[in-house]
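1. Following is a predicted model, sequence given first.
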Amino acid sequence: MSFNIHTERQALKDLVDTFSNLADEKKVAEQMPLFTDNAIVHTFIGGKLVFEMNGVAQIEKVFSDFLTPFHSVYHINGQHTVSFIDENNATAINYCAVKLVETKDGKEILHDHSVRYNDTYVKENGHWKIAKRIANFMISESRVIG
C-alpha cells in the first residue's frame, strides 16, 4: 500500500469540512462516526476550559446540549495545516469561523466565534478520524442582529 500525501491531506480536509457541514445542520449523531470511540474533546472559551469530553457518548451529549438553543448554525473552515506523524497518525491546526444564532427575549442574538482547532487524527480501517480536538474559541462576540 502506498502513501500519497496529497490524497491523505485531502481526506483530512474532507473530514473537518464534513464535521462542520453536519454541525451546521445540527446532525450531532452523524458527527460521532468522525471520532474515534475514545476521542477526547476539550473546549476553551476565552482561555478557560468549559467542556472536557471523553468518548463519543459524552461528546454527543455535550454537543447536542450546547447546540439546542441555536436555530441557525454556520461554520466556515479556513487554513488547515496538517503534519503527518506516519501513515496512520497526523496532527493539524484548523481555523474556523462559527456563527450561532438564537432567539432570546424576542431578539435575535448572534454569537460570533473565531476558533482554532488543534486536532489529532488516527486512520482506522482506512478512514481518518478525530482522536483529539482542542477547540480554542479565541475571539467571541455576541450582539443583537436583525
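-> Here it is on my side, so go on.

2. Helices along this protein, start to end?
-> Secondary structure of the chain (DSSP state H): helices located at 5-24, 28-31, 56-67.

3. export those helices to a markdown table and tack on mean pLDDT and mean neighbour count?
-> Every residue, glycine included, has its C-beta placed from N, CA and C. Converted to a markdown table, these look like this (pLDDT from 0 to 100; neighbours: other Cβ atoms under 10 Å):
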| stretch | mean pLDDT | mean neighbour count |
| --- | --- | --- |
| helix 5-24 | 97 | 16 |
| helix 28-31 | 98 | 17 |
| helix 56-67 | 97 | 16 |
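
4. Nearest to E87, out of those?
-> helix 5-24 (7.8 Å; Cβ to Cβ).

5. Would you format the helices of the chain as a markdown table with distance to K132 included?
-> Putting the helices of the chain into a markdown table (distance: least, Cβ to Cβ, whole Å) gives the following:
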| stretch | distance to K132 |
| --- | --- |
| helix 5-24 | 13 |
| helix 28-31 | 15 |
| helix 56-67 | 11 |
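
6. quick one: which of these is nearest A92?
-> For those, proximity to A92 was assessed by Cβ to Cβ; helix 5-24 is nearest, at 6.3 Å.

7. I would like the residues contacting the closest one, please.
-> The contact list for helix 5-24 (Cβ atoms under 8 Å, 6 or more residues apart in numbering) reads 28, 30-31, 34, 63, 67, 73-77, 80, 82, 84, 87, 90, 92, 94, 96, 117, 119, 121, 128-130.

8. Which of those residues fall within strands?
-> Of the contacts of helix 5-24, the ones assigned to strands by DSSP state E are 73-77, 80, 82, 84, 90, 92, 94, 96, 117, 119, 121, 128-130.

9. are any of those residues buried, and which?
-> Buried subset of the ones in strands among the contacts of helix 5-24 (neighbour count, 16 or more other Cβ atoms under 10 Å): 73, 75, 77, 80, 82, 84, 90, 92, 94, 96, 117, 119, 121, 128-130.
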